[in-house]
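In: have a look at this prediction, sequence included:
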Amino acid sequence: MNAIAYDTITRDENQTEEYVSSAPTRAEAEEAVRTLIRWAGDDPRREGLLDTPKRVTKAFQEWFSGYDEDPEAILARTFEEVEGYDDIVLMKDIRLESYCEHHMAPIIGKAHIAYIPDGKVVGISKLARLIDAYAKRLQIQEKLTAQIADTLESVLAPRGVAVMIEAEHQCMSTRGVHKHGVDTVTTRFTGVFQEDAKMEDRFLRLIRS
Ligand SMILES: [Zn+2]
């Protein structure tokens with residue numbers, strides 16, 4: 001049973017690699033946009049839409065720029081001269097822009113990241129770049145939250161990591177159930193934030209203050 005499951009996973013991964021490595025040309029991507037315009041009910045040959053496929057593919061490069069980033073490399077440069085600082089390092093209310101992998105619709109919100117260093121700290125702006133490296137991909141919020149926390153955990157080996165994301169999913173607000181102003185909240189705590197309820201509490205109080 002296990003052997004069969006493993007075999008299936010291996011084969012799927014190989015296929016994914018092959019499929020992604022044969023990336024479409026820009027012309028193919030633009031043609032796909034023309035197809036979607038027609039699917040929406042408009043004529044891609046009319047003047048106002050002539051350059052739209054070019055603009056959409058360019059926008060895609062920005063929206064999905066995370067695929068070109070190496071999240072671990074972003075955190076590679078650490079600083080060890082911290083004068084014994086061993087308390088919370090927190091960045092809160094960081095703007096988050098991501099895209100749901102089910103509808104390719106925007107997920108807009110904010111992220112809060114904290115860690116307690118164990119001798120190693122990283123430049124504050126790197127935390128924001130780490131978020132973008134994972135957010136600017138097709139995502140689900142749960143996975144995004146875990147990826148950010150796990151990368152911090154594995155590269156910095158801190159005493160604990162806390163990540164919270166609060167975001168509105170436009171696939172829920174502009175279609176489907178049409179619920180506006182509903183934030184989905186996800187969290188991931190490791191180390192002392194997971195083991196010590198007081199630390200979790202401090203994190204939550206700091207991001208609300
Ligand atoms: Zn969705």
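Out: Thanks, I have it.

In: what is the burial count for the residue nearest to residue 89 when sequence neighbours are not counted?
Out: Excluding its sequence neighbours, the residue lying closest to residue 89 (C-beta to C-beta, 6 or more residues apart in numbering) is residue 115, at 5.7 Å. All C-beta atoms are positioned from the backbone trio N, CA, C, and that covers glycine. Counted with other C-beta atoms under 10 Å, the neighbours of residue 115 add up to 27.

In: which SS class is residue 115?
Out: Secondary structure, DSSP: H, G, I helix; E, B strand; the rest coil: residue 115 is strand.

In: kindly state the beta-bridge partners for it.
Out: In this entry, residue 115 is beta-bridged to residue 89, residue 161, by DSSP bridges.

In: residue nearest the centroid of this structure?
Out: Centroid-nearest residue in the chain: residue 135, 2.2 Å away (criterion: C-alpha atoms, centre = their mean).

In: from memory it sits against residue 94, does it?
Out: No. Here residue 135 does not reach residue 94: they are 9.8 Å apart, not a contact under C-beta atoms under 8 Å.

In: between those two, which contacts overlap?
Out: Common neighbours of residue 135 and residue 94 (criterion: C-beta atoms under 8 Å, 6 or more residues apart in numbering): residue 111.

In: need phi/psi at the residue nearest to the residue nearest to the centre of the chain when sequence neighbours are not counted.
Out: Closest residue in space to residue 135, ignoring its immediate chain neighbours: residue 98 at 4.0 Å, by C-beta to C-beta, 6+ apart. The phi/psi pair for residue 98 (degrees, to the nearest 10) reads phi -140, psi -170.

In: contacting residues around residue 98?
Out: Contacts of residue 98 by C-beta under 8 Å, 6+ apart are 106, 107, 135, 136, 137, 139, 141, 144, 167.

In: give me that answer again for 7 Å
Out: 107, 135, 139, 144 (C-beta atoms under 7 Å, 6 or more residues apart in numbering).

In: so what's the last one up against?
Out: To tie it back to what came earlier, the one meant is residue 144. 98, 134, 135, 165.

In: pLDDT score for it?
Out: The per-residue pLDDT reported for residue 144 equals 98.

In: over to residue 176?
Out: At residue 176, pLDDT is 89.

In: regarding it, what is its secondary structure?
Out: With three-state DSSP as the criterion, residue 176 reads coil.

In: could you report the neighbour count for it?
Out: 11.

In: again with residue 133
Out: For residue 133, the count of nearby residues is 24 (other C-beta under 10 Å).

In: how about it, secondary structure?
Out: helix.

In: contact partners for it?
Out: Contact analysis of residue 133 by C-beta under 7 Å, 6+ apart lists 66, 69, 71, 74.

In: among the residues you listed, which one has the most neighbours?
Out: residue 74 (21 neighbours).

In: that one and residue 117: what is the separation?
Out: 17 Å (C-beta to C-beta, to the nearest Å).

In: toward the C-terminus, what is the element adjacent to the helix or strand of the chain with the lowest mean pLDDT?
Out: Least confident helix or strand of the chain, by mean pLDDT, DSSP states H and E, is helix 2-21 with a mean of 52. Using DSSP states H and E, the helix or strand that follows helix 2-21 in sequence is helix 26-40.
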